[in-house]
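A.B. asks: this is a predicted model, with the sequence first.
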Amino acid sequence: PKAMDEARRIYGERPDFVLCDSPEAAVEGADALVICTEWKQFRVVDFGWLKQTLARPFVIDGRNLYDPAEVQKHGLVYSAIGRGVALGSVAPPNG
């Protein structure tokens, strides 16, 4: 949210560039969740809700915020920097 004005200035208003007002809006129908920040609002996630909200059940954790077993328990495919299996070698779960 802090970078939205600057992002609009740099990239302009265009149909292929969407800015969201909340984390919930950003994942609605998205193909994956990619975590690139350690902001507090991203540290606690309802993974059951996330699985239902994402179009595809992928979580790419660039900050190692989440416990891999907890994420996978909810049927999400999880990949994190320095942990686990690369996404390219994992088939997505059914559903």
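C.D. replies: In hand now; what should we look at? Residues are numbered from 1 along each chain as shown.
A.B. asks: and Ile10, how many neighbours does it have?
C.D. replies: Residues within reach of Ile10, counting by other C-beta atoms under 10 Å, total 9. Glycine gets a C-beta too; all of them are placed from N, C-alpha and C.
A.B. asks: tell me how far the nearest residue to Ile81 once chain neighbours are set aside lies from Lys73.
C.D. replies: Of all residues not flanking Ile81 in the chain, Gly62 sits nearest, at 5.6 Å (C-beta to C-beta, 6 or more residues apart in numbering). Gly62 sits 21 Å away from Lys73, going by C-beta to C-beta, to the nearest Å.
A.B. asks: need the contact list for the residue nearest the centre of the chain.
C.D. replies: By C-alpha atoms, centre = their mean, the chain has its centre lying nearest to Leu33, at 1.4 Å. Going by C-beta atoms under 8 Å, 6 or more residues apart in numbering, Leu33 touches Val27, Leu50, Leu54, Phe58, Val59, Ile60.
A.B. asks: related to what we said a few turns ago, tell me how many other residues crowd the residue nearest to Ile81.
C.D. replies: 13.
A.B. asks: quick check: it touching Glu38?
C.D. replies: No - the criterion here is C-beta atoms under 8 Å, and Gly62 misses it with Glu38 at 9.7 Å.
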